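Asker: Kindly return the folded structure for what I paste below:
(one chain, ligands or ions: 1)
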Amino acid sequence: MVKKQNNHVCVIGSGIVGICTALHLMKKKWSVSLIDPNGPASKASSGNAGLLAASHITPVSSPAVLKQVPGMLLDPNSSLVISYSYLPRLIPWLFRFVIAGRPKKFIEYSKNLSELLKDTYSAYEPLVDEANCSNLIKRKGLIIALTSDESLEKIKPELSLKKSLGVKFEIYNKDKIKRILPDLDSIVKHAIFYENVSHITDPYMFAIKLFDNFKKQGGKHYLQEVKSFKTEKKLVKSVITDQDEIPTNAVVVCAGAWSKKLASQLGANVPLETERGYSVSLPNPGINISYPVISGDLRFCATPMGDSLRLAGTVELASIDAPAKKSRYSLMIKHALRLFPSLNLTGASYWMGHRPSMPDSLPVIGKSPIYENGYFAFGHGHIGLTVAAVTGKIIAELASSGKTSIDIKPFDSNRF
Ligand SMILES: Cc1cc2nc3c(=O)[nH]c(=O)nc-3n(C[C@H](O)[C@H](O)[C@H](O)COP(=O)(O)OP(=O)(O)OC[C@H]3O[C@@H](n4cnc5c(N)ncnc54)[C@H](O)[C@@H]3O)c2cc1C
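Answerer: Below you'll find the predicted structure:
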């Protein structure tokens, strides 16, 4: 049995969300234990595309995406794939995904996300400064590459919504694209440039630097798996792991795609699924790109990471335990070669990770519906790296004073 302390909080999960939450709680004078059976950033927070995508205010489900989904599911070269053996389990999530893409909901959720994303940099700043890792963040912006006039027309409603919500962008023509990205193939006709996006040149190392600072400041780390909670009336009294019972004054569930069971034990039934994503890292890509590029048509991202290049993307709706599919890597490479024909693939390394995804693309940030000292911070889908620090800041405010700097009602676990 671990010794009892005052102001002790257990943060479950040491992905980027758990680490940032732990650090923000420490700033509010909490004594923090970070619990995870795996090392820090060993799941979704390592092999991702590395974008601090403060401009990504629109949810995945949209009127435009819903129109494209049937065609994508029939296309073997599409970046979206569903495991049909898993389909019966997925139906409730898919149903909610469709509802989330209706025009009114799309606008509402975009507003909610823009509130969350506007603090992206200010919430990271103190954590990054103290961990001395600002050198890993490059503020270059983001290019969305489009291969046809039709693609540009399709994206225009989304662009005007973004503009109305304060997102800054410019539309580049072919000449401008050629000047800034000479190795991009001439099939690219238009590009959208978002200036308020940064990229992290090593997302794993970034998380490790933050984690090391957590340890340096006296944070405790348990390599243990949380199994359940001991509760008394409306309070969580201790966290039960596979090895220990850890008394606590509060608990935060930050277990990414594995949060559903833990949240359910704290009284919330959340429609959390995983959108599995893939990445291929090329140590010697043989091309020079200084900006992250997302292909708007082929739907993958190419992020420069130091001397190497990381290709990342794909949405695969399948069981959390299913093995990675090699065909997804080959497809991403095939797509990347269309945009960057002289890409060198020698020494490629491969990764698959689990995006923790809610059907409306809004994370779950808030309190347990039953336990006064139980908190949730999971379900960040495609933008977990971007909003990890904002999430941590909100949880620290909530646990310390009950008040938050932004309205967190839209992110409540009971919103469905
Ligand atoms: C291909 C790809 C590209 C992406 N690109 C970007 C991007 O460019 N920008 C961006 O913002 N986001 C991106 N994302 C999304 C982002 O990576 C995730 O949203 C984010 O990493 C989720 O962080 P997390 O801490 O919630 O989850 P994770 O990093 O998965 O961490 C969860 C942790 O919980 C632990 N855990 C599970 N169960 C238990 C338990 N019972 N007890 C204790 N611990 C437990 C796990 O071991 C794990 O360490 C991308 C994702 C993918 C797959």
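
Asker: how about the residues of the stretch 51-200 of the chain near the ligand?
Answerer: 51, 53 (Cβ under 6 Å from any ligand atom). Quick note: C-beta positions are derived from backbone N, CA and C, even for glycine.

Asker: Which single residue of the stretch 51-200 of the chain approaches the ligand most closely?
Answerer: Leu51 (3.4 Å; Cβ to the nearest ligand atom).

Asker: With adjacent residues omitted, what lies nearest to that residue?
Answerer: His199 (5.4 Å; Cβ to Cβ, 6 or more residues apart in numbering).

Asker: ok, now Asn213?
Answerer: Ala131 (4.0 Å).

Asker: For the one you found, grab the count of nearby residues.
Answerer: By the measure other Cβ atoms under 10 Å, the count of residues near Ala131 is 22.

Asker: In contact with it: list those residues for me.
Answerer: Contact partners of Ala131, counting by Cβ atoms under 8 Å, 6 or more residues apart in numbering, are 209-210, 212-213.

Asker: Not counting its neighbours along the chain, what's nearest Glu372?
Answerer: Leaving aside its sequence neighbours, Glu372 sits nearest to Lys234 (Cβ to Cβ, 6+ apart; 5.0 Å).

Asker: Could I get the contacting residues of the one you found?
Answerer: Contacts were defined as Cβ under 8 Å, 6+ apart; by that measure Lys234 touches 370-372.

Asker: So it versus Tyr371, what's the distance?
Answerer: The gap separating Lys234 from Tyr371 is 6 Å, by Cβ to Cβ, to the nearest Å.

Asker: same question, Phe206
Answerer: From Phe206 to Tyr371 the distance is 32 Å (Cβ to Cβ).

Asker: quick one: low-confidence parts of the protein?
Answerer: Along the chain, the model assigns pLDDT under 70 to residues 1-5.

Asker: Going by residue numbers, what spans are helices in it?
Answerer: Ranges of helices in the chain, per DSSP state H, are 16-27, 63-74, 87-100, 103-117, 120-131, 149-164, 174-180, 203-216, 260-265, 326-339, 384-401.

Asker: Can you say which of those helices is packed in most?
Answerer: Highest mean neighbour count among those (mean count of other Cβ atoms under 10 Å): helix 16-27, with a mean of 28.

Asker: And stretch 177-196, how far out from the chain middle?
Answerer: Averaging C-alpha positions (Cα atoms, centre = their mean, to the nearest Å) puts stretch 177-196 25 Å from its chain's average.
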